[in-house]
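Novice: Here's my sequence, what's the structure:
(3 chains)
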Amino acid sequence: MKEKIKIQNLTASYNGKSILRNINLSVIQNEILAVIGPANSGKTSLLRCINRMCDFIPEMDVEGDILLDGVSTFAKRDSTVIRRRIGMVSPLPVGLPMSIRDNVTFAPKVAGCKDPVILEEIMEDCLKKSALWDEVKDRLDMIATKLSGGQQQRLTIARALSHFPEVLCLDEFSIAIDPVTTMRIEEILKELKKEMTIILVTNLNFQARRLSDRTAMIFEGDLLEVGATKDVFSGNTQQQKTKDYIEGLFG
Amino acid sequence: MSSFKSTELLKSKVSKQKWVESILLVTTFALFIPVAAIFLILLIKGYPAINLNFIFAGPSNGMTEGGIFPAIVGTFWLIFLSLFFTCPLGILAALYLNEYARDNTFTRIINLAIINLAGVPSIVYSLFGLGAFVLFLKMGTSILSASLTLSVMNLPVIITSTRESLLAVPKSFREACWNVGASKWQTLWYVVLPNSLPGILTGVIFSVSRAAGETAAILFTGVAFYLPFLPESIFDQCMALSMHLYTISTQVVGVPESYTFGTALVLIGLVLIVNTLSIVVRSYYRSHRKW
Amino acid sequence: MMGKVIEEEKRQLSDYIKHYRPKQILRDRIMESIIFLGGLSAVIFTIGIFLFVIKEAWPFLSSRFSLMEFLTNIEWYPVSNVSVRYGAKALFVGTAAVTIGSMVLAIPVGIGTAIFISEFCGPKFKEVAKILIELLASIPSVVWGFIAVMVMNPFIINVLHEPVGLNVFNASIILALMSIPMIVSIGEDALRSVPDTYREAAESLGATRLEVVIRVIIPAAKNGLIAAILLGVGRAVGETMAVLMATGHSVAIPDSIFSPVRTLTATVAAEMGEAPKGSEHYQTLFTIGLSLLLITFSINFISDILLRKSWKRK
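Specialist: Take a look at the predicted model:
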């Protein structure tokens, strides 16, 4: 039971408005941790702090620390390397306006890899892992923005895998895609769990229940509780709020 | 009875609308008639003057005969040198304002300044050029001073058009790049800039046409009424098409009409070619958008 | 065998990607500083315009200059041997005359055209009209001045039988044609930024297109339309070459629209060439430049506030 990520006293505000308060949370290696909670409770902001995207949002103030493999990430001045260790899949699929091949090899290229053989290898590997290879292998030079939404979302996952992340964060990845694709991606995640740690932010309680090992509940910037998924979803919650949310009394 | 009334009312409303519509149509056309007339007059009166000698010879006999070659050469010097200064500066400033600047008082002041810079009369730019480049920096009246003045004048044009095309690239593209570990500059270089290039190019071309036609801004900074020789370096003075047109149509007596109309036709032809180019570039890229 | 080599290389690459940034930090820092310097230079130039115009005008402003004389005296004798007088009233009036004259024509035509191409005409015509207006905007001011001298001037003398062809009337028409493209394009932007839901809501209540435009669209786009007009005014006030060539060089208060006048811009353009550097005359011309800067700056400032307001609602 190795702690992959340890969030310590994380407090964040956006334009002076408090969005996360004193979060303490650990993510264990090779687990899927689901983060649930109603809209606007700070789930996305939590992910942005983890991969230090918050550096690029000038309105956001962050305090506390996040340890990756026991080492503080906030202490490092340059956050690029941290984002390479953490893959991020955004809610809406984004195909960069370049070919499918370039989309997947973008991350290794900006990291300095120039060997075309290796790049090709990485691309094929990532596209296969994200279950997109069979659909696009004959048209790798097509511009990625012409793919369908579901395909673009899998491309986003392929891109997130292309820099060999140790942690994969998914932010409500199924919001803009059809149920069939969602199920396929969920299968992929179960596979990926063997090689990396996954943080799954979701607004679908069933998805959290199906996929995750542990579930964390965030409500209005506070971490209400974190526990084994089967406990949380069988009614053994520490907080009444969590139970109400899961039962759909609010949300 | 009541339904009859309402039909009457509707009819009168519709006919009123027809009236207003035709009035507006007439005003719109009233705008195009003088334009067409101007082009036609310039073409008819100026065309006979245009021949190889007119383009490639210098003015002679007190600027009443000969050609306009030195003016064409001077205009090209000014265009290219001003582009050389204004493009990098304008694009960098736009990049800074759009991608790096935080939303604070300083940034707001810069924004305000740029908006206002765009409305400053060209003669004031000329005064600035005279005070700053010619006298203070001791560049004298030279192509260099004139080009620098032109480039300061075109700076807001390039900044504004570059910012617009940077804004047109969705934020999600930037975030996607940052997420995979690209630095801010890499994101700009590999994704944002290539996709905003057509818009930037349109702004640059537009500023070329402004530089080609501008007269007031170069009046005291580096352009001469008449020079018997071609400029050899950026520290020489030069002639310019726009200035030459002003000179021969108001300052010199006895210039034949065909010579002045020919000069005007060359100038407007140059400006129109450049502008058409920018329209073509823009509409081409609009129909070939990648997202 | 081959697969194994690639596996090993990929493992190395994964380490490399995750922990090492070759030269990149340095390059990013350098690019960031260059970009910052670019942004800074734009500011420097902007401040520089004010600074240098004030600097050159300052000796005059701080000594002989009297605001009363400058604004209310019509005697502009900058090079008189007997007594030098710098009354710029006639120049201000001249600028006002051609600006008002041009706006009488440009506002109805400009706003009318903007309404027509935004609300009434089809997309094909709109495309063509916008390109034509762009071409109109691209005609250099010296060509407009040339037209004033070579076409309008004989027309006014021969057809309207006026003794002087270069006058307020001539300049107003030329200036109107020059300001219209700006009024049209900014006015059209303002009208377009009115959300379509407004139009649909009003039309679903049974209003005709005309009623929608008059009662809904124009009130909603009011700020933007005013800004368009103001920017047109700014353009007319600041225009130099066309006015220099079309107004007829007469420092006097005009008594009819066919009187020749002299504007602020034209005065600077016409006299700076002869004013010795650093002389009082030279400084006075910079003072005129400063007034122009202040006028156009306030116009732009107000229209910027109005435009911002109209965007906010959108």
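Novice: going forward, measure contacts between C-alpha atoms and count neighbours the same way
Specialist: Fine.
Novice: For stretch B:175-182, what is the distance to the chain centroid?
Specialist: When C-alpha coordinates are averaged (CA atoms, centre = their mean, to the nearest Å), stretch B:175-182 and its chain have centres 37 Å apart.
Novice: residues in contact with that stretch?
Specialist: Residues outside stretch B:175-182 that contact it (CA atoms under 8 Å, 6 or more residues apart in numbering or on different chains): A:51, A:53, A:80-84, A:87-88, A:90, A:94, A:96, A:107, A:110-111, A:159-160, A:163, B:184, B:187.
Novice: So what does residue A:195 look like in phi/psi?
Specialist: Backbone geometry at residue A:195, expressed as degrees, to the nearest 10, gives phi -110, psi -10.
Novice: Mind naming the longest helix for chain C?
Specialist: Across chain C, the longest stretch assigned as helix under DSSP state H is helix C:24-61.
Novice: Give me the subset of the contacts of stretch B:175-182 lying in strands.
Specialist: A:87, A:88 (DSSP state E).
Novice: which of the contacts of stretch B:175-182 count as buried?
Specialist: Buried subset of these (neighbour count, 16 or more other CA atoms under 10 Å in any protein chain shown): A:51, A:53, A:80-84, A:87-88, A:90, A:94, A:96, A:107, A:110-111, A:159-160, A:163, B:184, B:187.
Novice: Enumerate the residues of chain A near chain C.
Specialist: A:81-82, A:84-85, A:108, A:111-113, A:118, A:122, A:163-165 (CA under 8 Å from any CA of the partner chain).
Novice: and the residue nearest the centre of chain C, how far is that from chain B?
Specialist: Centroid-nearest residue in chain C, with CA atoms, centre = their mean: residue C:235, separated by 3.7 Å. As judged by CA to the nearest CA, to the nearest Å, residue C:235 and chain B stand 7 Å apart.
Novice: Do a quick rundown of the strands in chain B.
Specialist: B:59-60, B:65-66.
Novice: List of residues touching the last one?
Specialist: Same thing as strand B:65-66. B:53, B:54, B:57, B:58, B:59, B:60, B:255, B:259.
Novice: shouldn't the fourth one be in contact with residue B:74?
Specialist: No. Counting by CA atoms under 8 Å, no contact exists between residue B:58 and residue B:74, whose distance comes to 12.0 Å.
Novice: about what we covered before: narrow the buried ones among the contacts of stretch B:175-182 to those in helices?
Specialist: Per DSSP H, the subset of these in helices is A:80, A:81, A:82, A:83, A:84, A:107, A:110, A:159, A:160, B:184, B:187.
Novice: coming back round to it: please produce a ChimeraX select command covering the buried subset of the contacts of strand B:65-66.
Specialist: Applying 16+ other CA under 10 Å to the contacts of strand B:65-66, the buried members can be selected in ChimeraX as follows:
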select /B:54,58,59,255,259
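Novice: For chain A, state which of the contacts of strand B:65-66 is nearest.
Specialist: For chain A, the nearest member of these is residue B:54. The distance, counting by CA to the nearest CA, is 49.0 Å.
Novice: what residues are up against that closest one?
Specialist: B:66, B:67, B:68, B:69.
Novice: What separation do you get for it and residue B:248?
Specialist: Relative to residue B:248, residue B:54 is positioned 14 Å away (CA to CA, to the nearest Å).
Novice: For chain C, what's its nearest residue on the stretch 51-200 of chain B.
Specialist: Taking CA to the nearest CA, chain C has its nearest neighbour within the stretch 51-200 of chain B at residue B:93, 3.7 Å off.
Novice: So that residue sits against residue B:159, correct?
Specialist: Yes. Between residue B:93 and residue B:159 a contact is recorded at 6.6 Å, counting by CA under 8 Å.
Novice: neighbour-wise, which of the two wins?
Specialist: Using other CA atoms under 10 Å in any protein chain shown as the criterion, residue B:93 and residue B:159 rank with residue B:93 on top: 31 against 27.
Novice: still on that earlier bit, helices or strands next to the following helix or strand past the longest helix of chain C in the packing?
Specialist: Using DSSP states H and E, the helix or strand that directly follows helix C:24-61 along the chain is helix C:67-72. Other elements packing on helix C:67-72 under the criterion 3 or more CA pairs under 8 Å, 6 or more residues apart in numbering or on different chains; DSSP states H and E are helix C:89-115.
Novice: Show residues contacting the helix or strand just after the helix it packs on.
Specialist: Toward the C-terminus, helix C:89-115 is succeeded by helix C:123-138 as the next helix or strand (DSSP H and E). Applying CA under 8 Å, 6+ apart, the external contacts of helix C:123-138 come out as B:32, B:35, B:209-210, B:271-272, B:275, B:279, C:117-118, C:178, C:181-182, C:185.
Novice: And the helices in the stretch 101-250 of chain C?
Specialist: Listed in chain order, the helices of the stretch 101-250 of chain C (DSSP state H, counting those that start in this stretch) span C:123-138, C:141-147, C:153-158, C:168-192, C:196-204, C:209-211, C:218-220, C:222-238, C:241-246.
Novice: and the last one, average pLDDT?
Specialist: If I follow you right, that is helix C:241-246. What helix C:241-246 shows for mean pLDDT is 91.
Novice: Likewise for the third one?
Specialist: Taken as a whole, helix C:153-158 has a mean pLDDT of 90.
Novice: So what's the gap between it and the chain middle?
Specialist: On CA atoms, centre = their mean, the centre of helix C:153-158 falls 29 Å from the chain's centre.
Novice: And that helix, what's buried?
Specialist: For helix C:153-158, a neighbour-count test (16+ other CA under 10 Å) marks C:153, C:154, C:155, C:156 as buried.
Novice: cool, and the fourth one?
Specialist: Counting neighbours by 16+ other CA under 10 Å, one finds that the buried residues in helix C:168-192 are C:168-192.
Novice: In contact with the residue nearest to the centre of chain C, which residues are there?
Specialist: Applying CA under 8 Å, 6+ apart, the residues near residue C:235 are B:119, B:121, C:179.
Novice: Kindly indicate which of these lies nearest chain A.
Specialist: Checking those against chain A with CA to the nearest CA, the nearest one is residue B:119 at 31.2 Å.
Novice: now the ones in helices among the buried ones among the contacts of stretch B:175-182 as TSV including pLDDT?
Specialist: Below are these laid out as TSV (pLDDT from 0 to 100):
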residue	pLDDT
A:80	84
A:81	84
A:82	86
A:83	88
A:84	88
A:107	90
A:110	86
A:159	92
A:160	91
B:184	88
B:187	92
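Novice: Point out the residues in the stretch 151-251 of chain A that sit beside chain B.
Specialist: By the rule CA under 8 Å from any CA, the part of the stretch 151-251 of chain A lying against chain B is A:159, A:160, A:163.
Novice: How about the stretch 151-300 of chain C?
Specialist: Contact residues (CA under 8 Å from any CA) of the stretch 151-300 of chain C with chain B: C:177, C:208-210, C:231, C:234-235, C:237-241, C:245, C:265, C:268-269, C:272-273, C:286, C:289-290, C:292-293, C:296-297, C:300.
Novice: Just the buried residues of the residues you listed.
Specialist: Counted by 16+ other CA under 10 Å, those give C:177, C:208-210, C:231, C:234-235, C:237-241, C:245, C:265, C:268-269, C:272, C:286, C:289-290, C:292-293, C:296-297, C:300 as buried.
Novice: State the phi and psi torsions of the closest residue to residue A:158 other than its chain neighbours.
Specialist: Excluding its sequence neighbours, the residue lying closest to residue A:158 (CA to CA, 6 or more residues apart in numbering or on different chains) is residue A:126, at 4.9 Å. Here is the backbone geometry of residue A:126 (degrees, to the nearest 10): phi -70, psi -40.
Novice: swap in the one 5 residues further on?
Specialist: When quoted as degrees, to the nearest 10, the phi and psi of residue A:131 stand at phi 60, psi 40.
Novice: Is it correct that it is in contact with residue A:188?
Specialist: Yes. The pair residue A:131 / residue A:188 is scored as a contact, 7.5 Å apart, by CA under 8 Å.
Novice: between these two, which one's more packed in?
Specialist: residue A:131 (21 against 17).
Novice: now residue B:161: how far from residue C:44?
Specialist: 20 Å.
Novice: between those two, which one's more packed in?
Specialist: Applying other CA under 10 Å to residue B:161 and residue C:44 shows that residue B:161 carries more neighbours, namely 22 against 13.
Novice: Thanks again, I'm all set now.
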